[in-house]
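**Student:** give me coordinates for this.
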Amino acid sequence: MPLIADFARAGLLIVTLMAAGCSESTTFEDLSPKADKQLSPKLVAEMKAKGMERNAPILARIFKEEGKVEIWKQKTTGRYDIIATYDICKWSGKLGPKFIEGDRQAPEGFYTVRPAQMKPNSQYHLAFNIGYPNAYDRANGRTGSNLMVHGACSSSGCYSMTDAQMEQIYAFGRDAFKGGQTEFQIQSFPFRMTAANMARYRNDPNYEFWKMLKEGYDHFEITKVPPKVDVCEKRYVFNRVTEGGEALSPTGACPAFTQPDSLKMAYQSYQSTYEAAFSSAVNKSSVAPKPTIAGLKEANIVSDWTRKRARGERVPIEPPSLEADGSVSVTSRMGRIDSPAGKRMAALEEAEAAKKKAAEDKKRAAEEKAAAAALAKAEKSAPAPAPAPVTADAGQIAVIPPEAATAPEQATEKPGLLGSVRKRIGNIFGS
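**Tutor:** Okay, the predicted model is just below:
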């Protein structure tokens, strides 16, 4: 079991290095009752059966497409094993990373939760901040804040659970911190990074980003120890030890590094098996890919929608989506957020509509007044009507009405007051 022993020691070394750079602490005293709920006797028994101490370190993994949150816990061997799986109640956005504030994307990547990020008094029942943006996000100019795993089953870029689920997840983190863990890792993925799934998304614009995440995914699958995560050259690197022990710069060049021989050999073997499975999956029919975000362009479109919505403007109920041909699709149903901003915007729109209607009414009244004045003037200045023409036929006199003397076809009169005025003026002058 040399590989297991190597990575058990590596895991303990990583925890020690993390502790050296962490000054945050919490006693978890004076918590609200919901934040102090204990794990069930059943879960405690399962932990004991798997060789886990109640306050042993944890790790969380999130899979968007499958809609799962997994909690892994360290065993006395140093390796981690899964202890609980929860269905995600809601997450917003599409598969793919978060790019900018307001794009409603739930983050993907490797994140760290420290005690100060725990939110026992969250308005969403219970929560913890996952630590977005991390070093990778900042190096790549990605923005956003307050991205959580929380209760209340409501999401605008977070991973939302039911309140009952969140009480258990929160308890796992709380107990691990009480046991001495200084921070725990969250690995957030678009899907389980199997050969079949990677083959399904091989033509996706996010594929290169997902291939980078997969290396960390694979390291954990091989070792069952949280990988040491660093960033250099604006990309993730895993389980690297620099020759001089220097720190890595997220935007700088990656220095020379080493990795344990046991890891390199195990990873090469793992990759050989994966590549054969990937080639086989490419040639097989599979489930169609799910919608994914089309990069920064779509993120900007959604972010603009979010800003308008936050101002209370009427916007499509669902966020817009960028299609493969470059067009933007929106839902026809419109609405506004029911918030103070939304109510203010509704009041402004109603006032503007009332102002517009008053101006139209005033214009209409002026036109009617002018038309009435023209009619009165025409009637006052009109000459007396000429006598009707008379024809004699067999000793009889026929009176021809004035209207009969006009052209056989009359133009159609325009409806309304102005049309009526024209008609009456025409009658006055016999035309």
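**Student:** please enumerate the helices of the stretch 101-250 of the chain.
**Tutor:** Along the stretch 101-250 of the chain, counting by DSSP state H, counting those that start in this stretch, helices occupy 135-139, 163-178, 195-200, 207-223.
**Student:** which strand residues bridge residue 235?
**Tutor:** Going by DSSP bridges, residue 235 is paired in beta bridges with residue 232.
**Student:** quick one: it and residue 136 touch, right?
**Tutor:** Yes - when contacts are counted by Cβ atoms under 8 Å, residue 235 is listed as touching residue 136 (7.3 Å). The C-beta positions use only the backbone N, C-alpha and C, and glycine is treated the same way.
**Student:** between these two, which is the more surrounded one?
**Tutor:** Set side by side, residue 235 and residue 136 show more neighbours around residue 136, with 24 against 16, by other Cβ atoms under 10 Å.
**Student:** skipping adjacent residues, who's closest to the more buried one in space?
**Tutor:** The spatially closest residue to residue 136, leaving aside those adjacent along the chain, is residue 231, at 4.7 Å (Cβ to Cβ, 6 or more residues apart in numbering).
**Student:** for residue 208, see how far away the one you found is.
**Tutor:** To residue 208, residue 231 is 16 Å away according to Cβ to Cβ, to the nearest Å.
**Student:** look at the two and report which has more neighbours.
**Tutor:** Shown here are residue 231 and residue 208; by other Cβ under 10 Å, residue 231 has more neighbours (23 against 9).
**Student:** now do the contacts for that one.
**Tutor:** By Cβ atoms under 8 Å, 6 or more residues apart in numbering, the contact set of residue 231 is 134-136, 139, 237, 248, 250.
**Student:** at 6 Å what do you get?
**Tutor:** 135-136, 139, 250 (Cβ atoms under 6 Å, 6 or more residues apart in numbering).
**Student:** pick the one among those closest to residue 188.
**Tutor:** Distance ranking of the contacts of residue 231 against residue 188, using Cβ to Cβ, places residue 136 first at 11.9 Å.
**Student:** where do the helices sit along the stretch 251-400 of the chain?
**Tutor:** Secondary structure of the stretch 251-400 of the chain (DSSP H, counting those that start in this stretch): helices located at 261-282, 295-310, 340-381.
**Student:** tell me the phi and psi of the spatially most central residue of the chain?
**Tutor:** Central residue check for the chain by Cα atoms, centre = their mean: the C-alpha nearest the mean position is that of residue 104, 2.0 Å away. With angles defined as degrees, to the nearest 10, residue 104 sits at phi 60, psi 20.
**Student:** that one and residue 162, how far apart?
**Tutor:** Distance of residue 104 to residue 162, computed by Cβ to Cβ: 21 Å.
**Student:** likewise residue 367?
**Tutor:** The gap separating residue 367 from residue 162 is 63 Å, by Cβ to Cβ.
**Student:** between those two, which one's more packed in?
**Tutor:** Comparing residue 367 with residue 162 by other Cβ under 10 Å, the one with more neighbours is residue 162, at 16 against 13.
**Student:** okay, now the unreliable bits of the protein?
**Tutor:** Residues of the chain that meet the criterion pLDDT under 70 lie in 1-31, 338-350, 384-431.
**Student:** and it, what are its domain boundaries?
**Tutor:** Listed by automatic domain parsing, the domain ranges of the chain are 2-282, 295-337, 348-429.
**Student:** got those domains as TSV, with distance to residue 288 columns?
**Tutor:** As requested, the domains of the chain are exported to TSV (distance: least, Cβ to Cβ, whole Å):
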stretch	distance to residue 288
domain 2-282	8
domain 295-337	14
domain 348-429	41
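**Student:** deepest of those domains, which one?
**Tutor:** Neighbour counts (mean count of other Cβ atoms under 10 Å) averaged over each of these peak at domain 2-282, with a mean of 18.
**Student:** that older thread, so who does the residue nearest to the centre of the chain touch?
**Tutor:** By Cβ under 6 Å, 6+ apart, residue 104 lies in contact with 92-93, 156-157, 302, 319.
**Student:** closest to residue 170 out of the helices of the stretch 251-400 of the chain?
**Tutor:** Of those, nearest to residue 170 by Cβ to Cβ is helix 295-310, at 27.9 Å.
**Student:** off-centre distance for the closest one?
**Tutor:** Here helix 295-310 shows a centroid-to-chain-centroid distance of 9 Å under the convention Cα atoms, centre = their mean, to the nearest Å.
**Student:** how about the contacts of residue 231 in CSV, adding distance to residue 32?
**Tutor:** Listed next are the contacts of residue 231 as CSV, based on distance: Cβ to Cβ, whole Å:
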residue, distance to residue 32
135, 32
136, 34
139, 37
250, 37
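**Student:** between these, which is nearest residue 331?
**Tutor:** Set against residue 331, the nearest of those by Cβ to Cβ is residue 136 (33.2 Å).
**Student:** any idea how far residue 244 is from that closest one?
**Tutor:** Counting by Cβ to Cβ, the separation of residue 136 from residue 244 is 23 Å.
**Student:** can you give me the end-to-end distance of stretch 110-119?
**Tutor:** 20 Å (Cα to Cα, to the nearest Å).
**Student:** show residues contacting it.
**Tutor:** Residues outside stretch 110-119 that contact it (Cβ under 6 Å, 6+ apart) are 24, 26, 127-131, 134, 177, 183-184, 186-187, 216, 229.
**Student:** at 8 Å instead, please
**Tutor:** Stretch 110-119 is contacted by residues 22, 24-26, 28, 60, 126-132, 134, 136, 148, 150, 170, 173-174, 177, 182-188, 213, 216, 227, 229, 236 when judged by Cβ under 8 Å, 6+ apart.
**Student:** quick one: residue 139 from residue 105, how far?
**Tutor:** Remark: distance between residue 139 and residue 105 (Cβ to Cβ) = 18 Å.
**Student:** residue 144 now?
**Tutor:** From residue 144 to residue 105 the distance is 8 Å (Cβ to Cβ).
**Student:** mutual contacts of the two, please.
**Tutor:** Listed as contacting both residue 144 and residue 105 by Cβ under 8 Å, 6+ apart are 98, 157.
**Student:** so residue 334 touches residue 315, yeah?
**Tutor:** Yes - assessed by Cβ under 8 Å, residue 334 is found in contact with residue 315 at 6.7 Å.
**Student:** surely residue 295 and residue 204 touch.
**Tutor:** No - the pair residue 295 / residue 204 is not scored as a contact, 10.4 Å apart, by Cβ under 8 Å.
**Student:** wait, residue 59 sits on residue 72?
**Tutor:** Yes - with contacts counted by Cβ under 8 Å, residue 59 reaches residue 72, the gap being 4.4 Å.
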